[in-house]
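Peer 1: Can you look at this prediction? I've put the sequence above it.
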Amino acid sequence: MTAVETEAGRLQQGSAVGQSVPRKEDNRLVQGQGVFFDDMKRHGMGYLHFVRSPYAHARIESIDVSAALELPGVYGTLTGDEVAILTDPFFQIAAPPGGHVKDYALAVGKVRYLGEPVVAVVAETRELARDAAELVMVDYDPLEVVVDARVALAEGAPVLHEECGGNLSYSGVWEWGDVDAAFAEADHVVSIGELHFDRFNSTPLECGGALVEYNRGTGQWTMYTNNQFPGFAAIMMGPALRVGIDKLRIVTQDIGGGFGNKITSHPQLVVCCLLARKLNRAIQWTEWRTDFHQSMSHGNERWFEDTEVAVKADGTLLGFRTKAIDDAGAYLRYEPLSGVIWSQVAAGMYKWRHIRLDFTQAMTNKAPVSPNRGYSRMQQLWFTERVIDIVAHTLGFDPVEIRKRNYVQPEDMPYETPNGCVYDSGDYPRALDMALELVGADMIDERRAEAASRGKLLGLGIGSTLDSGTNNFGQSQLINPDLQFSGNNEVATVKLDIFGEIVVTLGTTPQGQGHETTAAQVVADILHCDVDMVHVRVGHDSYWNSHAGFSGTYASQFAVTGLGAVKGAADMLAGQMVKLASMVFQCPEEAIELAEGFARIKDNPDAALPFMALGAIPNANNAGFPEDPPTMNCRYVYRPFFEVPDKERKFGNLTLTYSMQIHACVVEIDPETGVSDVVDYAAVDDCGVRINPQIVEGQVMGATAHAIGAALWETFAYDEDGNLLTPNFYDYHVPHALDMPPLKTAAIESPSPFTPLGTKGMGEGGGGGIHCICAGIQDALRVAGGAIVTDSHNPYHRVWELLQHPERSRETVEVTST
Amino acid sequence: MSVSTTSTHRTIAVEINGTTYERDVPVSRLLVHFIRDDLDLTGTHVGCDTGSCGACTVQLGGDAVKSCCLLAVQADGTSITTVEGLAGDGELTALQRSFHEHHALQCGYCTPGMLMSATALLEQNPRPSEHEVKVALQGNICRCTGYWNIIEAVVAAGDGGDS
């Protein structure tokens, strides 16, 4: 069931934008004709397999690859010692102390997490490479392990990177408003001892990998890969390999899901590059699933300690103060950017004006983290939602009413948050009402009674969440003032080719988001032609003229930056087509219109040039024109307007748009087992103008499934020795078809006033499902001891413990009233 | 009919999508790698190394099987259909069309396996219920869609998509 309320008023009959145009990508993908990196082959290519550390922390005493090299069919190896000679450590985003980390493509001297690549082996076949890797002898001297960020920061903890003088990678105090005054004004202060956001990631079905070729004559590498942020990868790889960006050609085609987890594959790509050059043959690396789980892009685990919330007697929330401790894992591959990204949604969806958050990030002997759908904002939004529900629970407020009282209201839009971010548009209370209606919240008391008659506990949960999109990369300077990144951009080209084909190239790297379709919709409307006439090239190629420093698909921005670039280029082309037609017809440009796939004279539609004629002129038929005909090949760089944020006050607009989702669910718990069953679920989305509603809804549903998995089943659990206990899809249970609850979706369209098409970036969902399932479980437990949910991950055994010992969590929450 | 060439290789003959392929393969080679690497039928995918994800699902003798859980030599003498064998002469099957119409795919990586599991289901049960579809697809992981659209697409494709 889908209910749609629209405020857009932009959807005109016959226009492609706003229609659920079936995807252009599907025809190849349903026939197995997509081209993923692992589908490509080269003559004589070698298969790469990584020898990985069996220890979470150890000194490498010696490495002997001789037995592997003697195996017939083995082409060669690469060790950390070679990498340390042939490359420079990766550029660090962090200022000191994190900035002192020396991060290479293979372990040098030490290993710091289980699964860390130590040696690369290349052989004639996949099987042989794997067998040969078994013959590599590595002697380790095991070291003491630290897997808990809180312990890692304590005196005497084992240190991962000696050059950092400890495990601290970043710390900073973020404070806005007058926090002390807010607490003095408060009628109630609610204290929450500790909240924990768990470690998981979105586990795209296709693992990492690449096919890498080296051109000895030009010194250029070509990487056919599934890296989803080529702009970033090239910036990281060039200096490490001691080459300019022009030597690195990064090509993507079909990508089997990304969700942020494929941003930081630059270390493995460097290994492939070095081996392609060393062995003078194409290198094929396909990551195994266990390798992915052990080493690729975990989401940020985060603790919130000693939280205090200032509340007025009527339920008005004045502010909060807390200490966040973030776990970066063993290396800083994209970190410590999470140390600022959270502040895009520092206040969540609420109007409290007085906030203090002391952010500390530690390195631990676990897989490095990097962006994961909802990156760093999800943790903060989960925190604010937990705070709301704990305050409501403790002080006796209704979770719906306290939200509505404290939400940023539609009349406040655009709303400047205490830290200078600008929420562009939206109607949060109305979305909440819609979500509640979809899950039948008005009948919740009757349903509780019915469930109780069966011995079950029933709870209603709400998850309010934001999906901030289109980063102002100037925010990186708030964690490291010396960085030279700011603003954002994306590029597209649109050209009219010889036979009248409209050809579009994008700087983005779609992984299922349907960019070929939505880009074609935008272009078709501008050129007044059919969507089928628009050919959007598959994937990304940094050698196309549509690559820029921020090119890629990440952080909820395509509908703004990607389509902003497409619109800009298509507008330019439309202008050139009109100009050329006016030159042909020798009339003013104002007399020409584009319509139905022709450029024609408005008052004389029979005088019409088909696109084919226009395309041929500049390319192949240009004699006789007194002045140069336009090129019909247009490139546009979309750049949102941003200022560099104020570094002293940590103040400024960090993202251009704020999509919103309200999730609501009904959870039924079996008190005998602690098993939670989500029996009703709704998600209401507002991402401004929707270019393709079906694709938007698909993103909402996918993000919801990820959140449900994270809330109930998915966790990267480590033992105290740093062994990952969930290294595959047996132990790391992602939702299957039978696991999914019924889902209802609805949409509001509140166009963004700040973007070319009124769109907002979306797709990350902000973890709404985690928030609302936590809330639903807490609500269900209210009549069974009143336990407080303090963890984002609540498998049956944790719920069972909450049922057995509700006092343990209750004791962590205190109220002081004046 | 197999001829042993060395202790580590065997010659096998497998009919795939109507063509019989005779190849000398290492006995350790998985069927999925035989299909992908030796025969270049790259529509069949690999998403895990534990037989959990179903991206490699093919039809073997009509049944949906995970081709990562068989050795190539075990497929000797059998008849297999892969995703490339579904659409004859470029004409999509009702199920493929239904996936397209219901937005049942995003990245498309799990799609071949989903299609093969669902094709086997529809051959055995032409008008499956929603629950029967979920049961038939429980061995196939999708990380993009949340399954709802896939389930709808398979139900709608029942009885040739007429419903």
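Peer 2: Perfect, thanks for sending it. Numbers count the residues shown, from 1 in each chain, chains lettered A, B, ... in the order given.
Peer 1: Walking through chain B, point out its helices one by one.
Peer 2: Taking DSSP state H to define them, one finds helices in chain B at B:31-33, B:94-101, B:111-124, B:130-136, B:148-157.
Peer 1: Nearest approach to residue A:759 belongs to which of these?
Peer 2: helix B:148-157 (22.2 Å; Cβ to Cβ). Every C-beta, even on glycine, is put in place using the N, C-alpha and C of the backbone.
Peer 1: tell me the angle that closest one makes with helix B:94-101.
Peer 2: Between the direction of helix B:148-157 and that of helix B:94-101, the angle (axes from the mean of the first three to the mean of the last three Cα atoms, to 10 degrees) works out to 140 degrees.
Peer 1: Show me how far helix B:148-157 is from its chain's centre.
Peer 2: The chain centroid and the centroid of helix B:148-157 are separated by 17 Å, computed with Cα atoms, centre = their mean, to the nearest Å.
Peer 1: residue contacts, residue A:581?
Peer 2: Counting by Cβ atoms under 8 Å, 6 or more residues apart in numbering or on different chains, residue A:581 makes contact with A:592, A:599-600, A:609, A:614.
Peer 1: tell me which element it falls in.
Peer 2: With secondary structure defined by DSSP states H and E, residue A:581 is part of helix A:563-585.
Peer 1: What are the buried residues along that helix?
Peer 2: For helix A:563-585, burial by neighbour count (16 or more other Cβ atoms under 10 Å in any protein chain shown) applies to A:563-574, A:576-578, A:580-585.
Peer 1: now do stretch A:598-608
Peer 2: Neighbour counts using 16+ other Cβ under 10 Å place A:598-601, A:607-608 of stretch A:598-608 among the buried residues.
Peer 1: and stretch A:215-224, does that touch chain B?
Peer 2: No: Stretch A:215-224 lies apart from chain B when judged by Cβ under 8 Å from any Cβ of the partner chain; the minimum separation is 13.1 Å.
Peer 1: For chain B, give me its nearest residue in the stretch 151-300 of chain A.
Peer 2: Among all residues of the stretch 151-300 of chain A, residue A:256 sits closest to chain B, at 3.1 Å; criterion: Cβ to the nearest Cβ.
Peer 1: pull the helix or strand with minimum mean pLDDT from the chain.
Peer 2: I went with chain A, as the question did not name one. The helix or strand of chain A with the poorest confidence is strand A:2-6; it has a mean of 41 (mean pLDDT, DSSP states H and E).
Peer 1: You answered for a different chain; I wanted chain B.
Peer 2: Among the secondary structure pieces of chain B, namely its helices and strands, strand B:3-4 has the lowest mean (mean pLDDT, DSSP H and E), a mean of 46.
Peer 1: mind listing the helices for the stretch 501-650 of chain A?
Peer 2: For the stretch 501-650 of chain A, the helices identified by DSSP state H, counting those that start in this stretch occupy A:515-527, A:563-585, A:611-620, in order along the chain.
Peer 1: Summarise which helices and strands the shortest one is packed against.
Peer 2: Contacting helix A:611-620 under the criterion 3 or more Cβ pairs under 8 Å, 6 or more residues apart in numbering or on different chains; DSSP states H and E are the following elements: strand A:490-496, helix A:563-585, strand A:598-601.
Peer 1: in chain B, what residue is nearest chain A?
Peer 2: Going by Cβ to the nearest Cβ, chain A is nearest to residue B:43 of chain B, at 1.7 Å.
Peer 1: Ramachandran angles for that residue?
Peer 2: Torsion angles at residue B:43 (phi, psi; degrees, to the nearest 10) stand at phi -70, psi -30.
Peer 1: Run a quick neighbour tally on it.
Peer 2: 27 (other Cβ atoms under 10 Å in any protein chain shown).
Peer 1: can you list the residues of the stretch 251-400 of chain A near chain B?
Peer 2: Proximity of the stretch 251-400 of chain A to chain B is confined to A:254-259, A:286, A:288-290 under the rule Cβ under 8 Å from any Cβ.
Peer 1: that older thread, beyond the least confident helix or strand of chain A, next helix or strand please.
Peer 2: Downstream of strand A:2-6, the next assigned helix or strand under DSSP H and E is helix A:26-29.
Peer 1: what's the following helix or strand after that next one?
Peer 2: Of the helices and strands lying after helix A:26-29 in sequence (DSSP H and E), the nearest is strand A:46-52.
Peer 1: Run the chain-centre distance for that following strand.
Peer 2: In this view, strand A:46-52 has its centroid 28 Å away from the chain centroid, taken as Cα atoms, centre = their mean.
Peer 1: And for it, what's in contact with it?
Peer 2: Surrounding strand A:46-52, the residues in contact under the criterion Cβ under 8 Å, 6+ apart are A:75-76, A:114-126, A:128-130, A:132-133, A:136, A:138, A:268, A:271-272, A:275, A:279, A:281-286, A:291, A:294-295.
Peer 1: Go again with 6 Å.
Peer 2: Counting contacts by Cβ atoms under 6 Å, 6 or more residues apart in numbering or on different chains, the residues outside strand A:46-52 that touch it are A:75, A:115, A:117-123, A:126, A:129-130, A:133, A:136, A:281, A:283-285.
Peer 1: Show only the entries of the residues of the stretch 251-400 of chain A next to chain B found in strands.
Peer 2: Judged by DSSP state E, the subset of these located in strands is residue A:286.
Peer 1: Most neighbours among the residues of the stretch 251-400 of chain A next to chain B, which one?
Peer 2: Of all those, the highest neighbour tally under other Cβ under 10 Å goes to residue A:258, namely 31 neighbours.
Peer 1: I figured it was touching residue A:228, is that so?
Peer 2: Yes: contact between residue A:258 and residue A:228 holds when scored by Cβ atoms under 6 Å: they sit 4.1 Å apart.
Peer 1: Count the residues that sit near residue 135.
Peer 2: Just so you know, I chose chain A. Around residue A:135 there are 17 other residues, counting by other Cβ under 10 Å.
Peer 1: I was thinking of chain B, sorry if that wasn't clear
Peer 2: In terms of burial, residue B:135 registers 14 neighbours under the definition other Cβ under 10 Å.
Peer 1: Please name the residues that touch it.
Peer 2: So, once contact is read as Cβ under 6 Å, 6+ apart, residue B:135 ends up touching nothing.
Peer 1: What spatial separation is found between the nearest residue to residue A:755 once chain neighbours are set aside and residue A:469?
Peer 2: Closest residue to residue A:755 in three dimensions, ignoring its sequence neighbours and counting by Cβ to Cβ, 6 or more residues apart in numbering or on different chains: residue A:560, at 4.8 Å. Here residue A:560 is placed at a distance of 6 Å from residue A:469 (Cβ to Cβ, to the nearest Å).
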